[in-house]
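Peer 1: sequence? don't have it. structure:
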């Protein structure tokens, strides 16, 4: 069965420093991977996706993610963190168990805390 | 372009009652998915509709049901509410399976 793991419940980083939020996945075929961010009392906002192509994917708000097939990872990165980046981040993979479905399987989420 | 809208935003119900939540997708999006978010279980898939047909269903009891209308708007219904149904219910829309999903702000349901 497909799964997504976010091994860190919380990541702390100082403003201006680079940040990484980790994600590993398990699928039997080619993965469709996504990153979303959630601010308090809000829905999820799409950041970026990997379907195929370049392993480095650029997304919204200066975020990027690196797809690594051999390590089955899709880590989210940003060169310089902002205090406003503090939020809950979710990695997700599209379920391939049923054909023609948009069902997403989410990781448990990682809280990013950026301190001034 | 307007985003995904969900109504109501907040709801308080009593155990045993039923509730209907509404979702209006982004214009042109034909796929609507519903997710339940709780602190303990995280984000869990409820069901997905495409062109008025349920295309996939998660592992939730039959008390949870949904439908989609010809204008792509969707509703989900929960009957015989239980305390454990208290959650943030999120609706998401997309063009199709290879596209990202865009989420609404959610409906916060509290069951007392």
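Peer 2: Arrived safely. Treat the numbers as computed from the prediction; the structure is a model and nothing was measured.
Peer 1: rest of the way, CA atoms for contacts and neighbours
Peer 2: Fine.
Peer 1: how far off centre is stretch A:21-36?
Peer 2: Centroid separation for stretch A:21-36 versus its chain: 8 Å, with C-alpha atoms, centre = their mean, to the nearest Å.
Peer 1: so for it, what gets flagged as buried?
Peer 2: A:21, A:22, A:23, A:24, A:25, A:27, A:31, A:32, A:33, A:34, A:35, A:36 (16 or more other C-alpha atoms under 10 Å in any protein chain shown).
Peer 1: return only those of those residues found close to chain B.
Peer 2: residue A:34 (C-alpha under 8 Å from any C-alpha of the partner chain).
Peer 1: for the residue most central in space within chain B, give its distance to residue A:27.
Peer 2: Centroid-nearest residue in chain B: residue B:34, 3.4 Å away (criterion: C-alpha atoms, centre = their mean). Residue B:34 is 22 Å from residue A:27, where distance means C-alpha to C-alpha, to the nearest Å.
Peer 1: what ranges do the strands span in chain A?
Peer 2: Under the criterion DSSP state E, chain A contains strands at A:3-5, A:10-14, A:19-21, A:24-26, A:33-38, A:44-50, A:56-58, A:64-68, A:73-78, A:87-94, A:104-106, A:110-115.
Peer 1: quick one: which of those is nearest residue B:90?
Peer 2: Proximity to residue B:90 (C-alpha to C-alpha) singles out strand A:44-50 among those, at 8.5 Å.
Peer 1: is chain B within reach of that closest one?
Peer 2: Yes: against chain B, strand A:44-50 shows contacts by C-alpha under 8 Å from any C-alpha at A:44, A:45, A:46, A:49.
Peer 1: need those in a markdown table (columns: pLDDT).
Peer 2: Formatted as a markdown table, the residues of strand A:44-50 next to chain B follow (pLDDT from 0 to 100):
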| residue | pLDDT |
| --- | --- |
| A:44 | 94 |
| A:45 | 95 |
| A:46 | 95 |
| A:49 | 94 |
